[in-house]
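**Student:** Quick check, what structure comes out for this input:
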Amino acid sequence: MNEQSSGWDSEAPLTLLLNEADDVVIALRDIAAGEQLLEGLFARDPIQPGHKIARHAIPEGGAVRRYNSLIGRATAPIAQGEHVHTHNLDMVDFARDYDYCAEVRPTPVPQVHRTFNGFVRADGRIATRNYIGVLSSVNCSATVARAIADHFRGRLSEYPGIDGVVPLTHKRGCGLDARVEGVESLRRCIAGYAAHPNFSKVLMIGLGCEVGNLDDVLGGAEGDALVIQQTGGTAATIRAGIERVEACLEEANNVRRQPVPVSELKLALQCGGSDGYSGVSVNAALGVAVDLLVSHGGTAILSETTECYGAEHVLTRRAISRDVAEKFVSRIKWWEEFAAKNGMKINNNPSPGNKAGGLTTIAEKSLGSIAKSGTSNLMAVYEYAEFVAEKGLVFMDAPAFDPVGATAQVAGGANIMCFTTGRGSAFGCKPVPSLKLASNTALYERMRDDMDINCGTILDGQEVLEEAGERIFEEIIATASGKMTASERLGYGDEEFAPWDMGVML
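**Tutor:** Numbers count the residues shown, from 1 in each chain. Take a look at the predicted model:
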């Protein structure tokens with residue numbers, strides 16, 4: 001980074017330059033037209049925080065680089081000091097140099113292996129929370145599932161070891177051909193939650209005539225099922241469900257936390273409401289924490305396939321094998337075909353909020369998003385909601401819509417989550433605690449009740465990436481050991497179970 005304009009020193013400069021090869025700098029605060037940014041560089045336009053400013057004149061069609069990578073081409077001549085955004089920059093197709101496995105490196109081993117205080121289930125699975133789950137197999141049983149869980153709100157004071165009774169409902173489960181991928185992904189989601197270690201017990205509620213099969217869904221999970229059509233209707237099933245939950249409260253309450261290796265953590269990586277700072281502060285700092293977790297033998301699950309588009313070469317170069325790299329690229333190609341078949345382009349992303357925060361093209365957004373993965377080797381690639389068995393950094397194919405992607409990661413076994421944001425986000429993910437990380441101090445102060453960690457300290461010059469990353473790593477351990485997150489205190493997580501709807505409904 002250019003120290004003069006990095007935003008990491010105590011003088012809090014106006015702009016951030018990520019690489020000397022970049023064509024743009026990033027505004028660190030509101031900048032007025034005519035204001036001097038650097039020697040010889042003046043702002044031609046008013047610039048909002050997080051937005052880009054041209055370091056030099058760029059001709060129409062000229063490449064624009066950020067992170068020393070192409071983020072698009074100018075759609076009109078851009079003058080030095082001019083605001084660079086959607087009005088004069090667009091995504092273009094370009095050749096990627098995948099350079100398979102070129103940047104694979106040995107994983108460092110820490111001198112001291114850390115532990116956290118987790119729950120050890122009878123079968124050896126490791127949990128960070130202790131919930132009881134009530135899951136609906138189909139939307140038709142959602143009301144019953146919620147009524148059973150709602151019965152226990154405010155009635156668990158005698159069972160302090162239980163974090164709550166969680167209803168997980170959804171809008172699907174029938175009207176779909178049982179052979180299509182959409183049904184299989186739904187089954188994987190429900191089965192993954194039913195078997196999740198953060199549930200000490202799971203009760204599944206079905207209607208009885210849906211496409212989904214309860215036996216297939218529950219498999220070997222620790223739970224049982226009630227079928228409304230067989231139990232006597234709505235009221236009878238609610239009464240029976242309450243009795244089933246009551247019968248397991250004592251046992252669930254008796255589990256106790258104990259020290260377990262940090263290698264037992266599976267960390268889901270999510271971002272939502274990104275801004276122009278996300279890739280250089282919060283996501284990059286989380287990447288440092290991911291590298292620390294991986295060095296301790298833990299697992300980190302990167303996802304959001306459409307937010308890797310245009311930057312996939314960053315991961316193919318770190319893939320542990322050509323097979324892993326090619327599987328990742330195949331998922332990118334699938335998304336290109338899927339979007340085209342539906343008359344869309346992947347670079348319709350970023351969202352309006354992303355653009356308001358300074359992100360212009362999907363390549364720019366993807367380069368910042370991938371920063372969450374740190375520098376670790378890519379060990380495996382998984383389909384949506386598949387169980388994650390590999391240690392280290394892995395990738396799971398999923399859309400970029402936060403609840404849908406997070407649902408897949410939790411179904412895959414994630415027992416803790418870090419969620420980064422630059423614009424602000426309202427999200428939780430029961431039964432998994434979700435830490436909220438802010439990219440800038442203004443957001444952290446504005447939404448203090450929703451945020452757990454402020455990474456705007458990097459931009460403010462109060463700490464460097466490595467310090468922020470170590471701070472995140474320590475907070476991950478504390479949260480896994482029982483410290484409540486902001487989203488848990490606010491009650492988020494009951495509405496965020498959102499399996500990917502990818503089937504044709506008939």
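
**Student:** Tell me where the chain is predicted with low confidence.
**Tutor:** Where the chain drops to pLDDT under 70, the residues are 1-12, 94, 177-180, 212-223, 347-349, 503-506.

**Student:** again, only this time at 50
**Tutor:** 1-10, 220-222 (pLDDT under 50).

**Student:** mind giving me the domain ranges of it?
**Tutor:** 3-90, 131-254, 259-490 (automatic domain parsing).

**Student:** any idea how far the residue nearest to Gly368 when sequence neighbours are not counted is from Ile301?
**Tutor:** Using CB to CB, 6 or more residues apart in numbering and skipping residues adjacent in sequence, the residue nearest Gly368 is Gly279, 2.1 Å away. (C-beta placed from N, C-alpha, C; glycine too.) The gap separating Gly279 from Ile301 is 19 Å, by CB to CB, to the nearest Å.

**Student:** Check Glu103 too.
**Tutor:** To Ile301, Glu103 is 20 Å away according to CB to CB.

**Student:** Same drill for the two, tell me which one is more crowded.
**Tutor:** Ile301 (29 against 15; other CB atoms under 10 Å).

**Student:** Is it correct that that one is in contact with Lys266?
**Tutor:** Yes. At 6.5 Å, Ile301 counts as touching Lys266 under the criterion of CB atoms under 8 Å.

**Student:** Overlap of the contact sets of the two?
**Tutor:** Val388, Gly412, Ala414 (CB atoms under 8 Å, 6 or more residues apart in numbering).

**Student:** Sort out for me which of the residues you listed are in strands.
**Tutor:** Under the assignment DSSP state E, the shared contacts of Ile301 and Lys266 contribute nothing to strands.

**Student:** Looking at the residues you listed, which is nearest Lys345?
**Tutor:** Gly412 (28.1 Å; CB to CB).

**Student:** For that closest one, which residues are in contact?
**Tutor:** Gly192, Lys266, Ile301, Tyr382, Ala385, Glu386, Phe387, Val388, Met396.

**Student:** Go through those residues and give me the one with the most neighbours.
**Tutor:** Ile301 (29 neighbours).

**Student:** which ones are touching that residue?
**Tutor:** Counting by CB under 8 Å, 6+ apart, Ile301 touches Lys266, Leu267, Ala268, Leu269, Val388, Val394, Phe395, Met396, Gln409, Gly412, Ala414.

**Student:** Is the fifth one in contact with Gly298, as I believe?
**Tutor:** The reference is to Val388. No. Using CB under 8 Å, Val388 is not in contact with Gly298, being 11.5 Å away.

**Student:** okay, the contacts of Gly412 in a markdown table with secondary structure and distance to Arg96 next?
**Tutor:** Formatted as a markdown table, the contacts of Gly412 follow (DSSP: H, G, I helix; E, B strand; the rest coil; distance: CB to CB, whole Å):
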| residue | secondary structure | distance to Arg96 |
| --- | --- | --- |
| Gly192 | helix | 32 |
| Lys266 | strand | 29 |
| Ile301 | strand | 23 |
| Tyr382 | strand | 22 |
| Ala385 | coil | 27 |
| Glu386 | coil | 25 |
| Phe387 | coil | 30 |
| Val388 | coil | 26 |
| Met396 | strand | 21 |
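
**Student:** Tell me the strands beside the strand ranked longest in the chain, with direction?
**Tutor:** Among the segments of the chain that qualify as a strand by DSSP E, the longest is strand 199-206. Paired neighbours of strand 199-206 in the sheet (DSSP bridges): strand 131-136 (parallel), strand 223-227 (parallel).

**Student:** what are the C-alpha coordinates of the following helix or strand past the first one, in CSV please?
**Tutor:** To tie it back to what came earlier, the one meant is strand 131-136. Scanning forward in sequence from strand 131-136 by DSSP states H and E, the next helix or strand is helix 142-150. Taking Å, rounded to 0.1, in the frame of the first residue of the first chain, the C-alpha atoms of helix 142-150 are listed here in CSV:
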residue,chain,number,x,y,z
ALA,A,142,-44.8,-24.4,9.4
THR,A,143,-47.6,-23.0,11.6
VAL,A,144,-47.5,-26.1,13.8
ALA,A,145,-43.7,-26.0,14.1
ARG,A,146,-43.8,-22.4,15.1
ALA,A,147,-46.6,-22.9,17.6
ILE,A,148,-44.6,-25.6,19.3
ALA,A,149,-41.5,-23.5,19.6
ASP,A,150,-43.4,-20.4,20.6
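
**Student:** Neighbouring strands of the next helix or strand after helix 142-150 in the sheet, and parallel or not?
**Tutor:** Downstream of helix 142-150, the first helix or strand assigned by DSSP H and E is strand 164-168. In the sheet, strand 164-168 lines up against strand 131-136 (parallel) (DSSP bridges).
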